[in-house]
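Engineer: A structural model of the following input is requested.
(chains A and B)
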Amino acid sequence: MEHVIEINHLTKNYGKHKGVEDVSLIVDKGDIFGFLGPNGAGKSTTIRSMLGFLRFSEGNIKILGMDSVKDHEEILKNVGYMPSEAWFYGSMSVEDAIRYAADVRGLDCSEEAAKLCEALKVDTKKKIRNLSLGNRKKVSIVCAMQHKPKVFIFDEPTGGLDPLMQKTFFDLIEGYVSEGTTCLLSTHVLTEVNKYCRHAAIMREGKLIMLDSPKIGDEEFLDFYRD
Amino acid sequence: MKAIIFKEMKLNLGSFLIWSLSVGTMGLLCILLYQSMQGEMQQMADAFSDMGAFSDAFGMSTLSIATLTGYFATEVGTVHGLGSAMFAAILAVGIISKEEESHTGEFLMALPVSRIKVIAAKGICVVAALIGFTVVCGAMYALGFAALNEEMPVGDFMKFMGMMLLMNFEIGGICFLVSAFSRKNRTGLGLALVLLCYFYDLIGRVVPDLKDALVLGPYSYVNASEIFSGAETKTAAVIVAVAVGVISYGAAFAVYNRRDLAS
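Structural biologist: Just a heads-up that it's a prediction; the model follows:
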């Protein structure tokens, strides 16, 4: 099986405080990998290290066989990332923001973007500053998917989305995954993991614990959140 | 990178137009007011030229405010010197840090472009805006001379605008570096830097013991009275300005390329 994401002994310190400690993780091609854990456990630190936003202290990360530090730009060509907050330039219109993301990639993604906007019911004429969190998230989904990347990295993607849009979002993911895309999904929602993920891991206090199966019960899940 | 440059230019277009047209219009109005004030100018010129160190500080011992060139150097020199530097500071001090302050950094940095290219695009935008600002204001000042049917000392004027551009580049560079360090927009700090540099130059010209240290300040080589009276520009001041500018922009690249980005 081809390893799409390979994290080896990742450690990231914030001064004296350890963000993540000795995290190792493998995500194979075509997987929808659930990445769980309480707030501050280190999920976002791991994701932000993968994308080059953070300079980590030890370890290495390979995405699509490329080194996350040396081949940073090449990796991002093949990644669709959706941050948890989904902020854009407020003065831009939705269509400008979507086109801008494609322009920086040097691609014409208008056809795929139109398809995604229709599926997610995105009003492309609105100004970003007038959008609710849910609508900003929809724009973020379009920006992450429009270039048909090989890897999706989603950080708490469904917060703010209504149930119908959540379903549409996962339908879209499954559609791309069936064509060979791999998805790393950071979430607090157990039902999403149970329903859609094929493998899962939980982060707690900066350390990663692999789960035998993503289908875990509520109590077992909540135990990871308890002190 | 081209898309980022255009986006930055578009985002900063409003601020550019407001600042360049405001400062240019203020300078133009100053020039146009010259004729209506010409009668009182001789008396003012005599009074101003007899104020010892202060006359030297404002260059009025070498250039008469009663002439349009002297009037331009004294009035528009100050307006442009402060206005252009404030624009440079405001633009540069926020251009990098705004990404983290407004949480757009993750959107931008998740696109396949290196931090070096992002910083280069933003640096190009700052330099282009400063050049545009100089051109707009210079054209408006030239319009003022033409409207009064007065001959403009083209060589001195071009040197004045060129030195102002260098000063803007230097102050913009320092603020660009501040922006690379910062996670918040430090507009107040940028404006304080401009006022501090202006005050430093003013004091340096009044206090004789500080004259040798004047070359360290960015206002030392943009004194309009010196430029229009044909005084030679201190090479050391220009070398310091270029060095500070280049080092600041270079350090901004190094700092931003190494540090963690806030979400």
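
Engineer: Mind telling me which residue is nearest the centre of chain A?
Structural biologist: A:F154 (1.6 Å; Cα atoms, centre = their mean).

Engineer: Find the residue closest to that residue in space, skipping its chain neighbours.
Structural biologist: A:M82 (4.7 Å; Cβ to Cβ, 6 or more residues apart in numbering or on different chains). In this view, the C-beta of every residue, glycine as well, is placed from N, C-alpha and C.

Engineer: Isn't that neighbour up against A:V142?
Structural biologist: No. The criterion here is Cβ atoms under 8 Å, and A:M82 misses it with A:V142 at 9.8 Å.

Engineer: Can you get me a residue count around the residue nearest to A:F154?
Structural biologist: Using other Cβ atoms under 10 Å in any protein chain shown, A:M82 is surrounded by 26 other residues.

Engineer: Next, please give the residue ranges for the helices of the stretch 1-150 of chain B.
Structural biologist: B:2-48, B:53-57, B:68-71, B:77-95, B:97-101, B:105-109, B:115-147 (DSSP state H, counting those that start in this stretch).

Engineer: And chain A, by the same measure?
Structural biologist: Ranges of helices within chain A are A:43-50, A:72-77, A:94-105, A:110-120, A:133-145, A:163-178, A:190-196, A:218-223, based on DSSP state H.

Engineer: Compile those helices into CSV and extend it with columns for distance to chain B.
Structural biologist: Output for those, formatted as CSV (distance: least, Cβ to the nearest Cβ, whole Å):
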stretch, distance to chain B
helix A:43-50, 7
helix A:72-77, 4
helix A:94-105, 4
helix A:110-120, 15
helix A:133-145, 7
helix A:163-178, 17
helix A:190-196, 21
helix A:218-223, 25
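
Engineer: Throw those into JSON lines and include mean pLDDT, thanks.
Structural biologist: Listed next are the helices of chain A as JSON lines, based on pLDDT from 0 to 100:
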{"stretch": "helix A:43-50", "mean pLDDT": "92"}
{"stretch": "helix A:72-77", "mean pLDDT": "94"}
{"stretch": "helix A:94-105", "mean pLDDT": "95"}
{"stretch": "helix A:110-120", "mean pLDDT": "94"}
{"stretch": "helix A:133-145", "mean pLDDT": "94"}
{"stretch": "helix A:163-178", "mean pLDDT": "94"}
{"stretch": "helix A:190-196", "mean pLDDT": "88"}
{"stretch": "helix A:218-223", "mean pLDDT": "78"}
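
Engineer: Spatially, which residue comes closest to A:I75, not counting chain neighbours?
Structural biologist: A:I63 (4.8 Å).

Engineer: mind showing which ranges of chain B have poor pLDDT?
Structural biologist: B:39, B:45-62, B:263 (pLDDT under 70).

Engineer: List of residues touching stretch B:81-91?
Structural biologist: B:12, B:15-16, B:19-20, B:22-23, B:26, B:126, B:129-130, B:133-134, B:137, B:164, B:167-169, B:171-172, B:175, B:187, B:190-191, B:193-194, B:197-198, B:218-219, B:222, B:224 (Cβ atoms under 8 Å, 6 or more residues apart in numbering or on different chains).

Engineer: Give me the buried entries from the residues you listed.
Structural biologist: B:12, B:16, B:19-20, B:23, B:26, B:126, B:129-130, B:133-134, B:137, B:164, B:167-169, B:171-172, B:175, B:187, B:190-191, B:193-194, B:197-198, B:218-219, B:222, B:224 (16 or more other Cβ atoms under 10 Å in any protein chain shown).

Engineer: quick one: B:I5 and B:V127 touch, right?
Structural biologist: No. Using Cβ under 8 Å, B:I5 is not in contact with B:V127, being 10.8 Å away.

Engineer: Would you check that A:M203 makes contact with A:V20?
Structural biologist: Yes. With contact defined as Cβ under 8 Å, A:M203 reaches A:V20; the gap is 7.5 Å.

Engineer: overlap in contacts of the two?
Structural biologist: Common neighbours of A:M203 and A:V20 (Cβ under 8 Å, 6+ apart) are A:42, A:46.
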